Structures are given as structure tokens and as C-alpha cells.
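Q: Pasting the sequence and the predicted coordinates here, then a few questions.
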Amino acid sequence: MIIKTRKEIPSSEITPEAVYRDRRKFLKSSLAAGIGGTGLLSSTLNAQTGDALFARAPADINLASKPDWLVEKAAARTDAPASGPFNTDEELTPFDDVSTYNNFYEFGTGKDDPARNARDFSIEPWTVKVEGECAKPGSYSLEDILKPHTFEERVFRLRCVEAWSMVIPWVGFSLGDLLKRFEPTGDANYVQFDTLVDSEQMPAQRSRFATIDWPYQEGLRMDEAMHPLATIATGLYNDILPAQNGAPLRLVVPWKYGFKSIKSIVAIRFTKTMPNNTWRDLQASEYGFYANVNPQVSHPRWSQASERRLPTSLFMPRRIDTMMFNGYADEVASLYDGMDLRRFY
Ligand SMILES: Nc1nc2c(c(=O)[nH]1)N[C@H]1C(S)=C(S)[C@@H](COP(=O)(O)O)O[C@H]1N2
Ligand SMILES: [Mo]
């Protein structure tokens with residue numbers, strides 16, 4: 001394998017991830033360590049060698065247009081704290097993988113469907129409806145929702161129930177800080193979220209074979225939603241979210257399986273009783289409401305004891321042990337004191 005020097009890399013091949021790493025000044029010795037190195041990142045190598053083995057669709061911020069104010073806000077985000085649960089020293093998953101290996105069934109069920117089918121996704125205008133048990137329901141513009149909040153970088157592990165995982169540098173803020181603004185009442189025991197329904201833009205919503213009853217929905221218990229780790233993500237890698245990752249705003253609940261982290265949110269609903277969530281609705285015996293990452297509770301069809309840390313290849317399977325609550329047990333385990341986590345999966 002020929003490793004080119006950086007000088008030879010055409011600027012078109014410098015990935016957002018490369019720019020990010022330069023900016024953060026932690027471009028490690030990944031180039032030099034490339035041959036047989038354990039810290040080798042396939043897509044970084046791909047960008048630097050053109051190695052066809054790992055070729056994927058070109059990664060970009062797929063969007064019809066990007067609101068300037070949001071781009072500026074994402075770029076101005078404060079750095080993640082050096083240590084603690086809002087950061088990790090694990091290797092970041094390259095931007096190319098984060099933005100081309102996706103689950104976003106509205107754009108198709110294949111992992112590369114969202115990156116391909118969401119290219120012209122429009123987030124202007126964007127409205128979020130706030131409903132249910134709160135003092136300030138209403139229809140809010142994206143600016144109303146996001147402008148009051150300071151954006152921070154938060155580097156979290158994302159563990160899909162399918163047993164793959166990534167490490168993603170999100171841009172965002174705590175969900176609780178947003179929810180407080182709507183003044184939930186004493187009857188707000190849960191909060192539910194809906195994804196956009198727009199069959200013009202989301203091809204799988206026009207499919208006669210779609211099994212999901214749109215909108216995609218998710219929910220959290222109120223104390224989970226108010227936990228500081230529960231995050232509204234508005235970007236990743238210093239920029240706004242690519243459409244395929246849930247632009248313009250999505251949930252990121254790092255201690256739960258990825259399906260809880262609902263994308264492209266258009267409704268927030270405070271409820272008294274446990275709300276519907278899409279995957280439980282589809283197959284309640286396999287997917288629950290809580291969906292806490294738990295290596296001891298197997299999915300009926302596979303073990304959850306370990307995971308593939310992307311990017312992987314034949315030569316680099318990168319299988320690692322899955323951690324209780326995805327490694328966030330110190331922060332969140334107390335939310336579930338006295339609960340049987342086998343029963344409430
Ligand atoms: N609206 C919507 N949100 C969604 C999904 C989806 O299909 N539709 N997939 C979920 C699943 S299963 C995972 S693992 C994560 C993946 O997020 P990512 O593609 O940004 O990595 O999004 C979650 N949010
Ligand atoms: Mo997932």
C-alpha cells in the first residue's frame with residue numbers, strides 16, 4: 001500500500017474530519033502508523049491513498065441550503081471538556097463513516113441509502129410543535145428553538161442495537177435546557193418526539209412496502225430527558241448536521257441504543273402516560289421503551305455482549321466489549337435503581 005505524503009492530497013479529498021483534526025491539533029501519527037498500525041482509520045487512509053477497498057459515496061453536508069446563523073453557531077461551539085462523560089479519548093469515527101453508514105428509514109433501509117437519498121433535503125423553513133402537558137405549547141421556528149442555547153461539543157459513543165458503534169463529536173446542548181423553557185406541568189411524566197413526515201422528500205414514506213407507521217416516534221421518561229447527558233444535537237464535526245444524520249435537530253441519548261436518538265424532530269409532546277416509540281411498536285418482544293445499552297441482556301436474535309467499532313474491515317474487525325449503559329453507568333445507573341433491567345429492556 002502506497003502512502004502519499006500530505007502535499008499530494010488534492011484539496012477535494014481533504015475530509016471535514018481532516019480539517020477538524022488539524023484544528024483540534026490532534027492529528028496523531030495515524031499516517032505513519034498506517035501500515036499494520038492498530039490505530040488505523042480506514043477512511044482517513046482512504047482519503048489519503050484513494051484506496052478503493054474502503055471507497056464509499058462522497059461524504060458531504062447533504063442539504064438544499066444551510067442557514068448561515070446555524071452554521072456560525074455550530075462553528076462557534078465550545079470545546080468538549082478534556083475529561084468526564086462529555087468526552088472520550090477513544091478514536092473518533094471518521095466523518096466519512098459517520099455520514100455514509102446510517103439508519104434513517106425514511107430515506108431507505110440500506111446503510112448508504114440516507115446519504116444518497118437525502119442530498120437535497122430542505123430544512124428551511126423548519127417548525128417544531130410543542131404540545132401536551134406544559135404551560136407554553138405552540139409552534140416554534142428553528143431559530144426560536146435553538147438561538148437561546150450555547151452550543152457545545154460533546155463526544156459520545158453511539159451504540160446501535162444491531163451491535164455496531166461509533167464515536168461521534170456532536171455539537172449541541174442538553175435536552176433538559178430546552179424542555180424547561182416550555183414549563184412542563186406536574187403531569188408531564190414522559191416526553192415524546194416525532195420526526196418529519198414529508199413523502200416528497202423522504203422516499204421510503206411513499207413506499208407501499210414500508211412497515212413503519214410514520215411519523216417515526218421516540219420517547220423518554222421525564223427524569224431521563226432532564227439528565228444532562230440527554231442531548232439535542234444540531235451538528236457534528238464543527239458543522240451543522242448532514243441531512244442523513246438528522247438535520248436540523250435530533251436527539252442523542254448516549255446510554256441507550258441508537259434507535260432512541262430520533263432524527264429531524266418536528267414535534268415535542270409532554271405526556272402523562274408512556275408514549276409510543278416506533279421500534280417497540282414494530283416488534284415489542286425485541287425492542288423496548290427503555291432500550292438501555294446492556295451487555296447482559298441479549299437481543300432475542302443476537303448477543304449484545306460485544307460490538308463492532310466502525311470503521312471495520314475484513315482485516316480490522318475491531319470487536320470490543322459492550323459496556324453497561326454504553327459506559328455511562330456512573331452518570332445514569334441511579335435513574336434505574338430498583339428496576340429489573342431484564343424486564344424493562
Ligand atoms: N427518524 C429516524 N430517526 C432515527 C432512525 C430512523 O430510522 N428514523 N434510526 C435510529 C437508529 S436505529 C440509529 S442507530 C441512529 C443512527 O444515527 P446515525 O445515522 O446518525 O449514526 O438513528 C436513530 N434515529
Ligand atoms: Mo440503531
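A: Okay, I see it. Ligands and ions are numbered 1, 2, ... in the order given.
Q: Let me know the next secondary structure element after the worst-scoring helix or strand of the chain on mean pLDDT.
A: Between all helices and strands in the chain, the lowest mean by mean pLDDT, DSSP states H and E belongs to helix 42-49, at a mean of 34. Following helix 42-49 in sequence order, the next helix or strand is helix 68-75 (DSSP states H and E).
Q: Check which helices and strands that following helix sits against.
A: Applying 3 or more Cβ pairs under 8 Å, 6 or more residues apart in numbering; DSSP states H and E, one finds that helix 68-75 contacts helix 142-146, strand 231-236, strand 239-240. Bear in mind the C-beta positions are built from the backbone N, C-alpha and C, glycine included.
Q: Flag every residue of the stretch 1-150 of the chain that's near ligand 1.
A: Counting by Cβ under 6 Å from any ligand atom, the residues of the stretch 1-150 of the chain lying close to ligand 1 are N102, N103, F104, Y105, E106.
Q: now swap in the stretch 151-300 of the chain and tell me
A: L158, C160, T195, Y216, N245, G246, G258, F259, S261, I262, K263, S264.
Q: what residues are up against the residue nearest the centre of the chain?
A: Closest residue to the average C-alpha location of the chain: V252 at 5.4 Å, with Cα atoms, centre = their mean. Applying Cβ atoms under 8 Å, 6 or more residues apart in numbering, we find V252 in contact with R154, F156, L158, W170, G172, A230, T231, I232, A233, S261.
Q: now it, which residues is it bridged with?
A: Beta-bridge pairing of V252 under DSSP bridges involves T231.
Q: Test for you: state the pLDDT assigned to it.
A: Per-residue confidence (pLDDT) for V252: 99.
Q: Could you do the one 3 residues further on as well?
A: The predicted local confidence for W255 comes out at a pLDDT of 99.
Q: can you count the residues close to it?
A: Each residue near W255 was counted by other Cβ atoms under 10 Å, and the total is 29.
Q: unless I'm mixing things up, it is touching V332, no?
A: Yes. Using Cβ atoms under 8 Å, W255 is in contact with V332, at 4.8 Å.
Q: Spell out which residues are contacts of both of these two.
A: When contacts are counted by Cβ under 8 Å, 6+ apart, W255 and V332 are jointly contacted by L229, N292, F325.
Q: Neighbour-wise, which one of those leads?
A: Neighbour-wise, those (other Cβ under 10 Å) top out at N292, 25 neighbours.
Q: closest point of the stretch 151-300 of the chain to ligand 1, which residue?
A: Per Cβ to the nearest ligand atom, G258 is where the stretch 151-300 of the chain lies closest to ligand 1, at 2.5 Å.
Q: Any idea how many residues pack against that residue?
A: G258 has 20 neighbouring residues, counting by other Cβ under 10 Å.
Q: I figured it hits V161, correct?
A: Yes. G258 sits in contact with V161 when judged by Cβ under 8 Å, with a separation of 6.6 Å.
Q: For stretch 157-165, output the C-alpha coordinates as PDB.
A: Extracted C-alpha coordinates of stretch 157-165, given in PDB (Å, rounded to 0.1, in the frame of the first residue of the first chain):
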ATOM      1  CA  ARG A 157     -20.200   6.700  21.900                       C
ATOM      2  CA  LEU A 158     -23.200   5.700  19.800                       C
ATOM      3  CA  ARG A 159     -24.200   2.000  20.200                       C
ATOM      4  CA  CYS A 160     -26.800   0.700  17.700                       C
ATOM      5  CA  VAL A 161     -28.900  -2.200  18.800                       C
ATOM      6  CA  GLU A 162     -27.500  -4.000  15.700                       C
ATOM      7  CA  ALA A 163     -24.200  -4.200  17.600                       C
ATOM      8  CA  TRP A 164     -22.100  -1.700  15.700                       C
ATOM      9  CA  SER A 165     -20.800   1.500  17.300                       C
END
